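Chemist: Provided below are the primary sequence and the corresponding predicted coordinates.
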Amino acid sequence: MTRQDSVRLVPEPSRVITKLFLPGEETSPDGSSRLEVVLERIMAMSDVEAADTLADARDLFAGRHRNLDAVLDRHHEIMATRFAALAPLTRGCTADRRRLIGAYFTHEYSIEAAALGNPSIVAAPDQSGVAADAVRFVMSVRAIGEGHISSIEFRTGVVDAGGMVELDPVSSYAETGVRAPHAYDKEFFTTKLDDLALLNEVEERVLARLSERFTMAELESAIGALDDDGIERSISRGTTRFLHWLASSNYRVSFPSSIEICERVLFPSGPTESHGMEDARFVRFVDDDGTVTYYATYTAFDGHQILPQLIETADFSEFRIATLTGHAAQNKGIAIFPRRIDGNYVALSRQDNVNNYVMSSTDIRVWREATMIQEPKQPWELMQLGNCGSPLETPAGWLVITHGVGPMRRYTLGALLLDIDDPSRVIGHLREPLLSPLDDEREGYVPNVVYSCGSLIHGDHLVLPYGYADVGARVATIPVAELLNRLTDSRT
């Protein structure tokens, strides 16, 4: 195994995004909200003072964001839409005055101030201009900022014929894209409600008014129609809250193709992920008809509970975010196989938080069946097991990088070999760790941990990016033949 010392990702606090800032709801002695008081102060500024204040803000921040004025315009519009008190105050004022309002309700957030790690890697959609014996890749990384909020960032680069990795320079800009809702599927909503034992009479009445595909506006209309049924809002509010929660957790986010992939940040947008989008496991999935789609599962965290979610993209410009459902879609660590097996989608999982499972489904968003394939046996994995990303297809079988937790909650990486036709059958298991924390990888936010969310085989080499100590990330390369020999020898 070779650790590539030239590749080390570490947090860069200067990578910032813009976020809408809303002050607290304190009330002044005259009954005005803090928001109204601030708005009145802004509107009371003279034209010269307002122009100078906006100019200062542009001087300080325009170089840190690709189009600051567009951000300020957007945040002013959001404020004007949400708060009726804003419209009368700003009616007839100049564009720059509106931008100044946007500036007062905008703040920067350092997306990777605390940590950068837990990477996964896939071959990029565009391989043009790359040497015939090399492959261009997209690497996802988990970025952790203030409040331990996780988002998903990307890096790009090339792996050469010898397995050496070269990362592309990283832009100083970062953008969160434009979020938009999409049409929802009634069958999916029904299934998810049933899974969570929340499908009651009120929910059924709402769903009965919806077509098989519906929009958020149609959902709101169906909820509003409960008044016509004589159901009091005090009774319906609690049950319909989950419908809003579920709809808000399924959305699309898009980025202009003109910006670099490393500038695109998937930042928490839905209520299920308000405290983080954790540990994305990307896979380049090739369907039976040759269609290529990039899927990734990740853990959505709302501060209290976790929920597995799915990302779907063809080009890393437009992403569809959806909730996974089914009794087997539980806990962390779902990782999708790169192709169908016997016509079904297949995935690794760990719904009991201890053992490794394989599950199969005809629908990539609904998982009902799972088979346990591995229990902790070795001392270094005795506490719990998990996968480190999607399986990799080899002539010997499906290669699965795993992680195990041992004494003092020390995380190390291992490997499994699964039967190519029946991945529920384990045909090889490393008896010793494949990769352990080095001395200079032990110290950090979470000490004594190495962890990966996905690797890549290129030529004769396994390219294994991994995070360490919840601080940074590195890359190791391993000869595939050597690893397969170790796995097949473990069968004897």
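Modeler: Done, it's in. Residues are numbered from 1 along each chain as shown.

Chemist: contacts and neighbour counts: CA atoms only from here.
Modeler: Will do.

Chemist: average pLDDT across stretch 106-117?
Modeler: Stretch 106-117 shows a mean pLDDT of 96.

Chemist: ok, His182 touching Tyr251?
Modeler: Yes - contact criterion CA atoms under 8 Å: His182 and Tyr251 qualify, at 5.8 Å.

Chemist: of those two, who's got more company?
Modeler: Tyr251 (20 against 17; other CA atoms under 10 Å).

Chemist: Tell me who's in contact with that one.
Modeler: Listed by CA atoms under 8 Å, 6 or more residues apart in numbering, the contact set of Tyr251 reads Arg179, Ala180, Pro181, His182, Arg320, Ile321, Ala322.

Chemist: Now the buried members of those residues.
Modeler: Pro181, His182, Arg320, Ile321, Ala322 (16 or more other CA atoms under 10 Å).

Chemist: Just the pLDDT at the first one, thanks.
Modeler: Pro181 carries a pLDDT value of 73.

Chemist: The spatially closest residue to it that is not a sequence neighbour pairs with what?
Modeler: Leaving out its chain neighbours, the residue that sits closest to Pro181 by CA to CA, 6 or more residues apart in numbering is Tyr251, at 4.6 Å. Applying DSSP bridges to Tyr251 gives these bridge partners: Ile321.

Chemist: repeat for Thr371
Modeler: In beta-bridge terms (that is, DSSP bridges), Thr371 pairs with Val358.

Chemist: Can you give me the distance of it to Thr394?
Modeler: 22 Å (CA to CA, to the nearest Å).

Chemist: Check which helix or strand Arg281 maps to.
Modeler: Taking DSSP states H and E as the definition, one finds Arg281 inside strand 277-286.

Chemist: how near is the residue nearest to Pro181 to Trp245?
Modeler: Taken as CA to CA, the span from Tyr251 to Trp245 is 12 Å.

Chemist: Would you mark the buried spots in stretch 363-370?
Modeler: Neighbour-count burial for stretch 363-370, counted by 16+ other CA under 10 Å, picks out Ile364, Arg365, Val366, Trp367, Ala370.

Chemist: Now secondary structure too, for the residues you listed, in a markdown table please.
Modeler: Converted to a markdown table, the buried residues of stretch 363-370 look like this (DSSP: H, G, I helix; E, B strand; the rest coil):
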| residue | secondary structure |
| --- | --- |
| Ile364 | coil |
| Arg365 | coil |
| Val366 | strand |
| Trp367 | coil |
| Ala370 | strand |
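
Chemist: of all the residues you listed, which comes closest to Asp489?
Modeler: Ala370 (27.8 Å; CA to CA).

Chemist: okay, and for this structure, where does confidence drop off?
Modeler: Across the chain, the ranges flagged by pLDDT under 70 are 24-32, 84-87, 233-235, 239, 490-492.

Chemist: tell me the domain ranges of it?
Modeler: 2-10+111-178+250-489, 22-104, 183-248 (automatic domain parsing).

Chemist: Out of those, which one sits most buried?
Modeler: domain 2-10+111-178+250-489 (a mean of 20; mean count of other CA atoms under 10 Å).
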